[in-house]
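In: Let me see the structure of the following:
(one chain, ligands or ions: 1)
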Amino acid sequence: MSDFKSIFSTPLEVEAAAPGRVNLLGEHTDYNDGFVLPTAIPQQTIVQLGYSADQAFHFYSHELKEQVDWQPSGTTPAEFARYLVGCIRSLEETGISVPPLNVFVASDVPIGSGLSSSAALEVAMLRGLRSLLNLKLNDVQIAQLGQQAEIHYAGVQCGIMDQMASSLADPVHMLFLDTRSLDRQILDLPENSEILVIDSGIPRTLAGSGYNQRRAECEAAAKQLGVKALRDISDPATVESLPEPLRRRARHVVTENNRVLEAKQGVSADRFGELMNASHASLRDDYEVSVPGLDQLVAILQQTPGVFGARLTGAGFGGACVALVQPGQAETIAHQTLEKYQQQGFQGKILVPESDRSIR
Ligand code: GLA
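Out: Residues are numbered from 1 along each chain as shown. The predicted model follows:
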């Protein structure tokens, strides 16, 4: 495997890593000031940093086998490098200057499956810059800078969940986060359960436009209801007066926040699974961010013995599904599911538990 030393001739100074995340409950709630319940996945992104020998930054991606050279006076580059430049720019906006660097990136976080490969890249880069430059940044500030990089340099109007999960969560606990106050708690996963994540194989083509449209609908709904954000409503009956589709969009957010708050109390794996199933139905029918392939994959999982519950995870429009299953059953359930999914004409892939660790 290539590494910093095989690509650059300058000394390697620091290495940092950050994981991807899978969201268990609380979808499309973070930009409504609501509640989320993600966990980190075992896959992570590694960033190695050293000083550049010239006035330019040089970014190398091990996965893409591609180097991008960037002059700080130049425009933001495309692809993976724009997230790195976004982190540098976001730091510089706080008054910190970043010297020209050589940056090597390697990652086994699946790209384009809704498991936050971009947040993992941002948090790893910012962690690397924190140790290289001795910056006094805490993990919440790292997440906030990563979110700024994503919004301003990658053009996605995202909430704070992904970067907070990558910065603060671990793969054996859930992170409960109030996205308004940023109050958080590290919680145990439901007793006697295990997480399974399957990629539907369906690309998230409409994710960008659909995401921003949903966000605008939620803001319109909150305005009509006279609240700062939909998080301020807990009784689903309150949204019934709204015109369609705002009524359904708001109903999803209100009921989803309630599901997270119930799960946070510490429920059984059975009950947690029911909440996941209800979340999927709400994302499909009220929020309309599912697609037929995802619905089929989730339905197969929900009908399989040993599965407590399943739903799409991330923004939707394609990408991955998450299931809560009996311990030790994930691989068997995944193989049975993928076989049935294939019979319906789709090609899925197991993402968690991992079968192949390529970067550790
Ligand atoms: C994407 C965004 C998050 C969140 C989810 C949906 O992952 O980056 O901020 O809004 O979609 O829950």
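In: I'd like to know how many residues surround the closest residue to the ligand within the stretch 1-150 of the chain.
Out: With C-beta to the nearest ligand atom as the measure, Glu27 is the residue of the stretch 1-150 of the chain nearest to the ligand, at 4.1 Å. C-beta here means a position set from N, CA and C on the backbone, and glycine is covered the same way. Residues near Glu27, counting by other C-beta atoms under 10 Å, number 30.
In: isn't it right up against Glu256?
Out: Yes. In this structure Glu27 lies within contact range of Glu256 using C-beta atoms under 8 Å: 6.3 Å.
In: Now do the shared contacts for those two.
Out: In terms of C-beta atoms under 8 Å, 6 or more residues apart in numbering, Glu27 and Glu256 are both contacted by the residues Ser279.
In: sorry, back to before: name the nearest residue to the residue of the stretch 1-150 of the chain closest to the ligand, sequence neighbours excluded.
Out: Leu283 (5.9 Å; C-beta to C-beta, 6 or more residues apart in numbering).
In: Please verify my assumption that the one you found contacts Leu312.
Out: Yes. Assessed by C-beta under 8 Å, Leu283 is found in contact with Leu312 at 5.9 Å.
In: Show me which of these two is the more surrounded one.
Out: Legend: neighbour count by other C-beta under 10 Å for Leu283 and Leu312, higher for Leu312 (28 against 24).
In: Please identify the helix or strand for the residue lying closest to the more buried one once chain neighbours are set aside.
Out: Residue nearest to Leu312 in three dimensions, not counting chain neighbours: Leu294, with 4.8 Å by C-beta to C-beta, 6+ apart. Using DSSP states H and E, Leu294 sits in helix 292-303.
In: And Pro42, by the same measure?
Out: Assigned by DSSP H and E, Pro42 belongs to strand 35-51.
In: looking only at pLDDT, what's the mean for that strand?
Out: Summarised as a single mean, pLDDT over strand 35-51 is 98.
In: circling back to that earlier point, would you quantify the distance from the residue nearest to Glu27 to Gly112?
Out: 19 Å (C-beta to C-beta, to the nearest Å).
In: Which residues of this structure lie near the ligand?
Out: For the chain, the contact set with the ligand under C-beta under 6 Å from any ligand atom comprises 27-28, 30-31, 158-159, 161-162, 314-315.
In: Which residue ranges of the stretch 1-150 of the chain form helices?
Out: For the stretch 1-150 of the chain, the helices defined by DSSP state H, counting those that start in this stretch occupy 4-7, 80-92, 117-133, 139-153.
In: any idea which helix or strand comes after the one helix or strand Ala263 maps to?
Out: Per DSSP H and E, Ala263 falls inside helix 246-264. Sequence-wise, the next helix or strand downstream of helix 246-264 (DSSP H and E) is helix 269-285.
In: Where does the stretch 201-350 of the chain get nearest to the ligand, residue-wise?
Out: Here the stretch 201-350 of the chain gets closest to the ligand at one residue, Ala315, 3.6 Å apart by C-beta to the nearest ligand atom.
In: Could you double-check that that residue sits in contact with Tyr211?
Out: Yes. If you go by C-beta under 8 Å, Ala315 and Tyr211 touch, sitting 5.3 Å apart.
In: in the stretch 251-360 of the chain, what spans have low per-residue confidence?
Out: 355-360 (pLDDT under 70).
In: Please parse the chain into its domains.
Out: Following automatic domain parsing, one gets these domains for the chain: 4-188, 194-352.
In: quick check, distance from the shortest one to the centre of its chain.
Out: Mean-position distance between domain 194-352 and its chain equals 14 Å (C-alpha atoms, centre = their mean, to the nearest Å).
In: so where's the stretch 101-250 of the chain shaky on pLDDT?
Out: Scanning the stretch 101-250 of the chain for pLDDT under 70 picks out 206-207.
In: can you pull the contacts of Glu93?
Out: With C-beta under 8 Å, 6+ apart, Glu93 has these contacts: Gln148.
In: same for the strand holding Pro42, what does it pack against?
Out: Where contact means 3 or more C-beta pairs under 8 Å, 6 or more residues apart in numbering; DSSP states H and E, strand 35-51 is packed against strand 14-25, strand 101-107, helix 117-133, helix 161-168, strand 173-178, helix 246-264, strand 349-352.
In: Now the third one: buried residues?
Out: Put plainly, it is helix 117-133. Buried residues in helix 117-133, defined by neighbour count with 16 or more other C-beta atoms under 10 Å: 117-130, 132-133.
In: who's in contact with the residue most central in space within the chain?
Out: By C-alpha atoms, centre = their mean, the chain has its centre lying nearest to Ser116, at 3.4 Å. Each residue near Ser116 by C-beta under 8 Å, 6+ apart is listed here: 20-21, 109, 162, 165-166, 314.
In: Most widely separated two among those?
Out: The most widely separated members of these, counting by C-beta to C-beta, are Ser166 and Gly314 (13.2 Å).
In: Compute the number of surrounding residues for Gly314.
Out: For Gly314, the count of nearby residues is 25 (other C-beta under 10 Å).
In: ok, it - contacts?
Out: Here Gly314 is in contact with 23, 27, 113-116, 204, 320 (C-beta under 8 Å, 6+ apart).
In: switch to 10 Å and redo it
Out: By C-beta atoms under 10 Å, 6 or more residues apart in numbering, the contact list for Gly314 reads 21-23, 27-28, 38, 113-116, 161-162, 204, 207, 289, 320-322.
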